[in-house]
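Novice: can't give you the sequence, but here's the structure:
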């Protein structure tokens, strides 16, 4: 299948001003990430809080400053001009994590959902705006759509708000969507409905997702491939089954160890990682996971491992993968 998104050596660094005479520091939120996403594919970015997952998604959508060797959308470099970004953002959208914060509480639902159409001047008339907004709401599971036009976000439940967010993102019929923890703020009883809705859009429109989550078990259920991220770097990437059942990197194994698996009972104590994630402003000479790795070697502390190909479509950044 054709690649819808390609990025090579993506970096997002934020400079922090020094305080009380201390030197300025740099946060390496994303530090040399490379991957591609195929048309209609779901690629999940999995990792702990602070690993750089959301920043990666925002960089792909041109929402934060970044550097990279190459970034292509549908085989072409993304134009940084106003006209180029406007065209790109008609085809690439984002679903934010918190429906309580991503919706303007002073706007009615009709205005929220139809805003992308109005900004891009894609409506022919007021009746066209109403019809397309109604269809978007109903496709997102809010029917009849016109019943929600003149409500405010505070009048809706958490699940309904997230459906409004999805309706606003999908009204443009995008080809690519960054879904940033879209169900983490919702009750467990509502999550399944939202995920089914997103997968329905994928089946019907062929939309590709970069699905950001800290929950490996969730990524395993919905993803074609999974990329494990830690401290701004991708540690391992491969098919969902390979990552969960045959992951090579110690961090991947630790995440898979604590996730529940249907039909399998756990015996003995869980192998939980010790220590804390290092300060992202500190310079790490070797592997970024080295300070918490239970199987680290001397080489791990001195030299950062590149991505090795374990097998076709399965890559890992670990010196032990060479053995």
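Specialist: Alright, I've got the coordinates. Values in this document were obtained by computation on a predicted structure and should not be read as measured data.

Novice: Any stretches of this protein with poor pLDDT?
Specialist: 1, 21, 260-272, 323 (pLDDT under 70).

Novice: which residues of it fall in strands?
Specialist: Taking DSSP state E as the criterion, the chain carries its strands at 3-16, 25-38, 42-46, 70-73, 76-77, 92-95, 176-180, 208-213, 225-230, 233-239, 308-311, 314-316.

Novice: Count the neighbours of residue 184 for me.
Specialist: Residue 184 has 14 neighbours, counted by other CB atoms under 10 Å. In short, each C-beta sits where N, CA and C put it, glycine included.

Novice: which residue packs closest to it, ignoring adjacent ones?
Specialist: residue 97 (6.0 Å; CB to CB, 6 or more residues apart in numbering).

Novice: Dump the strands of the chain into TSV; add mean neighbour count and distance to residue 140 as well.
Specialist: Listed next are those as TSV, based on neighbours: other CB atoms under 10 Å; distance: least, CB to CB, whole Å:
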stretch	mean neighbour count	distance to residue 140
strand 3-16	17	22
strand 25-38	19	23
strand 42-46	25	18
strand 70-73	16	25
strand 76-77	10	30
strand 92-95	24	11
strand 176-180	24	13
strand 208-213	25	15
strand 225-230	25	26
strand 233-239	24	29
strand 308-311	14	39
strand 314-316	22	35
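
Novice: Would you format the ones you listed as TSV with distance to residue 245 included?
Specialist: Listed next are these as TSV, based on distance: least, CB to CB, whole Å:
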stretch	distance to residue 245
strand 3-16	26
strand 25-38	21
strand 42-46	15
strand 70-73	32
strand 76-77	37
strand 92-95	28
strand 176-180	24
strand 208-213	18
strand 225-230	11
strand 233-239	10
strand 308-311	14
strand 314-316	12
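
Novice: still on that earlier bit, how far away is the residue nearest to residue 184 from residue 75?
Specialist: 30 Å (CB to CB, to the nearest Å).

Novice: and those two? which has more neighbours close in?
Specialist: residue 97 (20 against 10).

Novice: Quick check: phi and psi at the more buried one.
Specialist: Main-chain dihedrals, residue 97, degrees, to the nearest 10: phi -70, psi -40.

Novice: Check the one 10 residues further on too.
Specialist: With angles defined as degrees, to the nearest 10, residue 107 sits at phi -100, psi 150.

Novice: Tell me how many other residues crowd it.
Specialist: 13.

Novice: go on, the one 3 residues further on?
Specialist: Taking other CB under 10 Å as the neighbour definition, residue 110 ends up with a count of 19.

Novice: still on that earlier bit, which ones are touching the residue nearest to residue 184?
Specialist: Contact analysis of residue 97 by CB atoms under 8 Å, 6 or more residues apart in numbering lists 54, 180, 181, 182, 184, 185.

Novice: redo that, cut-off 6 Å
Specialist: Residues in contact with residue 97 (CB atoms under 6 Å, 6 or more residues apart in numbering) are 180, 181, 184.

Novice: Repeat that for residue 17.
Specialist: With CB under 6 Å, 6+ apart, residue 17 has these contacts: residue 24.

Novice: can you give me the helices for the stretch 151-300 of the chain?
Specialist: 158-170, 188-205, 216-222, 240-246, 250-258, 298-302 (DSSP state H, counting those that start in this stretch).

Novice: Tell me which of these sits nearest to residue 12.
Specialist: Closest approach to residue 12 among those is made by helix 250-258 (20.6 Å; CB to CB).

Novice: buried residues in that closest one?
Specialist: Buried residues in helix 250-258, counted by 16 or more other CB atoms under 10 Å: 250, 251, 252, 253, 254, 255, 256.

Novice: Can you tell me which of the residues you listed comes closest to residue 155?
Specialist: Distances from residue 155 to those, taken by CB to CB, are shortest for residue 255, at 38.8 Å.

Novice: Please report the distance of the closest one from residue 63.
Specialist: Counting by CB to CB - residue 255 and residue 63 are separated by 27 Å.

Novice: same thing with residue 193?
Specialist: In terms of CB to CB, residue 193 sits 28 Å off from residue 63.

Novice: Thought residue 27 was touching residue 14, still the case?
Specialist: Yes. Using CB atoms under 6 Å, residue 14 is in contact with residue 27, at 4.5 Å.

Novice: and the gap between the closest residue to residue 217 other than its chain neighbours and residue 213?
Specialist: Closest residue to residue 217 apart from its sequence neighbours, by CB to CB, 6+ apart: residue 259 at 4.3 Å. The gap separating residue 259 from residue 213 is 12 Å, by CB to CB.
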